[in-house]
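**Student:** Provided below for reference: sequence and predicted model.
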Amino acid sequence: MSGSSGNIMKGSVHMNSVRRNTLGTPQPGGRLLSAGDIVILIGLAVVLYAGLRLAIPLPTPVIGPEINLSASALPWYALLSVTRMTVAYFLSLSFSLVYGYIAARNKSAERIMLPILDVLQSLPILSFLPVVLLSLSALLPQGFAAEIAAVILIFTSQAWNLTFSFYQSVRTVPGDLQEASEIFRMNWWYRLRHMELPFGALALLWNSVMSWAGGWFFLMAAETFKVGSRDFRLPGLGSYLQKAANDGNTTAIVLGVLTLVSLVVLLDQLVWRPLLAWAEKFKIELVENDNPPTSWFFEVTGQSRLATGFTSRVVVPIVEALDRKFGGSFKEQFAPTTNAIPFWRKALRNGLLVLVAGVLIYGGFRAIQLLITVPLSGWGEIIVAVLATGARVAAALIIGVLWTVPVGVVIGTNPRMATLLQPVVQILASIPATALFPIMLLVLVNLPFGLNAAAILLMLLGTQWYVLFNVIAGASALPQDLKDIATMFKVGGWLRWKTLLLPALFPYLITGLITAGGGAWNASIVAEYTEFNNKTYTVTGLGAIISQATAKADYGLLLAGTLTMIGVVIMLNRFFWRRLYRLAEERYRMD
Amino acid sequence: MANINGNGVKNGQELVKLSKVDKIYGRGERATEALQNINLTIKPGEFVALLGPSGCGKSTILRIVAGLIPASTGSVLYRGQQLHGVNPHTTIVFQAFALFPWLTVQENVEVVLKPLGIAPAERTKRALSLLDRVGLDGFETAYPRELSGGMRQKVGFARAMAVEPELLCLDEPFSALDVLSAESLRGELMELWTSGAIPTKAILMVSHNIEEAVFMADRLVVMGKGPGHIIADIPVNLPHPRHRKERAFLQLVDQVYGLIVGKTQTEAEELGAAPGEPGKVRGLPHVQINAISGLLERVNEEIADRVDLYRLAEELHETLNDLLPAVEASEMLGFATVESGDLSLTPLGQTFAEASIQARKEIFAARIKRVPIIRWILTKLNQDEDGRLHWDDYQDELEEFFPLEEAERQIESAVSWGRYAELFYFDDDDDTLFIEKDPVASADGNGSTPLGEPEQEHIESSKP
């Protein structure tokens, strides 16, 4: 669920950095699947295998928490959910700053770190949830294990695009600024504080907004995860809504949804909008923005004594202390440095390499042993499941395109409508579809094809916004002169779509669909197997296989299902989406 | 000019001494030489200007002196000592200002004092006094984006002076400004420099504006390209303030123009060799066909059929570097010759200037078939069975002679020339160059243009 949605409000700088996130930087002329990728995939298999090994002694029934549906419990649940989000977000942010900075600054580290990041960011993260939950529950007390698993899950949904954004920023600091920082002898700290962080701030912030919205989706999934007698739920807004729907308690449903929506709106108004308005000053363009993001809250706090007092009493002294600690003066930095790597470091590096290779080979071998336990019929089921889930994903994407393209064009080509509807759409997009899933079930589950419909609906609700955002962005980027020409030559109807709108929207549509596609596969984990009213509902699908294997403690099948999911999504990205993306880049670019 | 405040530096000792400096980019077969055998000294009190066509390596020399990039071979001494890493006695004023957009004017100046370990109060004091000196008081809290280009560069100067450099490096500092702002900023810098109000002992300025260099500098170091080398080192012995209309001033400008534009050489030398042939491969000048025909038409309007390039540049409000590619292309194609800063049309050039659109294409096609890179592209296409070759087939081979980006630009220019001449075409969808293989449109050189023969004579007769 990471990717490009917020970019719509911004110029091309962020567009680029956000767009590239989804697919990484395709190497010109590089192969679609390199040896490095395969090593990384083996590494993932080994990690998954190790997690499952840990889970083997886990007792089958896992007892979950009792969820209280009274209104007075709601603030507490909301607080719990927000706390998980906050912890995960700050973890992600710290991780991305460190990882992104090192990858951008150190050439040899970059060669390893970037391909890893590239694979990680296209992973269907939810497919990891069962393995993470099982292994942590085997190690830690149940409630605590579920908490950690939720945070890890949110972290993995947020960290990669933040990291990529910061990496890109550090790499693309304009050359003359870098030269200036060198000639004025700034050390790493001053460069980071005065150049790289400010330069990256805006992209980092837009990606944070998206990551945060994506995080909700995964938090809700983590809070409500229950398979068979293994109840991994967590007390929070997600489990509250689930129980409310389960019990058919309309009051609780309304209260829960209201709380969730107001939480999303509040965070948008009190945290993200002000931050975006503040970050406007980090724009690199030397021209004023006609229509900068504004925030009433930012303006209010800007004038308040409390806020300015906080800045001068707390922020400034901290930064000055950091300057004293890391700033140093230039003399010490200019001792001649030797480029030779000492012997022991070489030895250490080689030793490490051998160790990693050993672990990969041994772990890979054991993972294959576990996979062999899956009977042929199991693999047959997996293939059918891939096709079934693939069909659902395709259906969700097609429905998404069918309604978002016309609506997006109407909004995007009409500036007044855009300013009016944009914030609404953003809020709608931030409401996690996973939280609403139990409510969809309540309505749909007893209809024919009910769960199928609900699954597609969940995929659609979770992903259509990415498409819509990008279509709006594409439509509003349509040059006026092209529209005028089309009108002048009376190019209307289908011809107008064929010659003007669709080609112009194509790159944007692809960008949106890539993100949406990844998200839809993710959603299958929660959508295809669910428990409602003490009954288990499943449809054929890869998500169902993973959930069922978790319930039945069939670890071979679980590993096979999870690896298949990872493989399918990565292959689709590399062989399908990336090609379309290149075509879009080369053929249908506007500039 | 008489700016000798030699504290710390012995009289006559050089600040900078480059001996036999080469700069090579890339390695092995792909290595390309950017600078060749550069010897340059800068003494205290001197204002040295580096001049030359685009791509001659002026900025590279400036960055070697500043220690931002190392020389490949040769020695780089500062005050007699070998330079390692960034030169702590210099600073740079950048062409595009290189200000931090998120810092205010005052913060932009203060921030460069931090690495020097200067206390906050002192930083503020120095920043304010410098901003005052360059006339920016009142703008301390403004952000760079709120300022005009001229004012931004004033911040650039204030920032550079804040670290009190012994040697001030200026990297085309006025070229991003409008004419009037540039003029006033030049005057202000000269005032600070000649009055000795700043502790700077020497200035090294890269410029592509010859007049500006003659106006400001004590010495003009003129460079040529392919690879970058020093052609001439000319002292400017005019007293400050200088006047642009003075005879001595104009003569000097004309002299430098002549040096940079050079003199049209024999056809063989103008064309160079094709890739794979013995001899030096000469790149195509990167210029649009319209610019060539525009130049020729313009000169054709002159009564004397020849024009002083300096005057022409001034009339067109362009610098010499903007004109040079079109001039070079005209020389290469035999449309014009250049000598001592004057350009004159050959009879062929006149014919071209007066011809119709279609005739122009034919003349152009006939001429560019002699250009080695074009000839090489055509030969390869003709040898290919389908007459289609991928861009990379050419790029790979050209990278032996040019750096990667230049190799790319060479093909781009060749494609744009080839398309105009309808000699060969480019398919953007699959990145291939192709020719039409039917005999009528074949590009075999003979008979496709009625002007094939006479051209030869034009060239002969136009050589002085």
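**Tutor:** Perfect, thanks for sending it. These figures come from a predicted structure and were not determined experimentally.

**Student:** where does the chain dip in pLDDT?
**Tutor:** Since you didn't name a chain, this refers to chain A. Along chain A, segments meeting pLDDT under 70 span A:1-33, A:57-64, A:228, A:285-293, A:302-306, A:328-341, A:590-591.

**Student:** Chain B was what I was after
**Tutor:** For chain B, the stretches flagged by pLDDT under 70 are B:1-12, B:29, B:437-464.

**Student:** roughly how far is the longest helix seen in chain A from the heart of the chain?
**Tutor:** Longest helix in chain A by number of residues (criterion: DSSP state H): helix A:376-412. Here helix A:376-412 is found 19 Å from its chain centre; the criterion is C-alpha atoms, centre = their mean, to the nearest Å.

**Student:** A:Ala549 reaches A:Met565, doesn't it?
**Tutor:** No: at 11.7 Å, A:Ala549 does not count as touching A:Met565 under the criterion of C-beta atoms under 8 Å. For glycine as for every other residue, the C-beta is placed from the backbone atoms N, C-alpha and C.

**Student:** Overlap in contacts, these two.
**Tutor:** Common neighbours of A:Ala549 and A:Met565, using C-beta atoms under 8 Å, 6 or more residues apart in numbering or on different chains, do not exist here.

**Student:** Looking at the two, which is more packed in?
**Tutor:** It is A:Met565, of A:Ala549 and A:Met565, that has more neighbours when counted by other C-beta atoms under 10 Å in any protein chain shown, with 27 against 22.

**Student:** how about the more buried one, what does it touch?
**Tutor:** For A:Met565, the contact set (C-beta under 8 Å, 6+ apart) comprises A:124, A:127, A:521, A:542-543, A:546.

**Student:** Show me which of the residues you listed is closest to chain B.
**Tutor:** A:Trp521 (31.8 Å; C-beta to the nearest C-beta).

**Student:** Now do the SS call for the closest one.
**Tutor:** Using DSSP: H, G, I helix; E, B strand; the rest coil as the criterion, the local structure at A:Trp521 reads helix.

**Student:** Can you get me a residue count around it?
**Tutor:** A:Trp521, neighbours per other C-beta under 10 Å, totals 25.

**Student:** so what does the helix or strand following the longest helix of chain A touch, helix or strand wise?
**Tutor:** Sequence-wise, the next helix or strand downstream of helix A:376-412 (DSSP states H and E) is helix A:415-430. In terms of contacts (3 or more C-beta pairs under 8 Å, 6 or more residues apart in numbering or on different chains; DSSP states H and E), helix A:415-430 is packed against helix A:197-223, helix A:250-267, helix A:376-412, helix A:450-476.

**Student:** Please report phi then psi for B:Asn209.
**Tutor:** phi -110, psi 100 (degrees, to the nearest 10).

**Student:** surely it meets B:His317?
**Tutor:** No: using C-beta under 8 Å, B:Asn209 is not in contact with B:His317, being 11.9 Å away.

**Student:** More neighbours: which of these two?
**Tutor:** More crowded of B:Asn209 and B:His317, by other C-beta under 10 Å: B:Asn209, with 20 against 8.

**Student:** residues from chain B in reach of chain A?
**Tutor:** Applying C-beta under 8 Å from any C-beta of the partner chain, we find that chain B lies next to chain A at B:63, B:66, B:68, B:84-86, B:88, B:90-92, B:94-98, B:100-103, B:111-112, B:114-117, B:120, B:143-146, B:152, B:159, B:163, B:429.

**Student:** From these, which land in strands?
**Tutor:** Residues of the residues of chain B next to chain A located in strands (DSSP state E): B:90-92.

**Student:** now, which of these sits nearest A:Leu276?
**Tutor:** Using C-beta to C-beta, B:Ile92 comes nearest to A:Leu276 of those, at 34.3 Å.

**Student:** How many neighbouring residues does the closest one have?
**Tutor:** B:Ile92 has 27 nearby residues by other C-beta under 10 Å.

**Student:** Chain neighbours aside, what residue packs nearest to it?
**Tutor:** With C-beta to C-beta, 6 or more residues apart in numbering or on different chains as the criterion, B:Ile92 has its nearest non-adjacent residue at 4.6 Å, and that residue is B:Cys169.

**Student:** just A:Leu436 next, same as before
**Tutor:** Taking C-beta to C-beta, 6+ apart, and ignoring the residues beside it in sequence, A:Leu436 has A:Leu461 as its nearest neighbour in space, at 6.8 Å.
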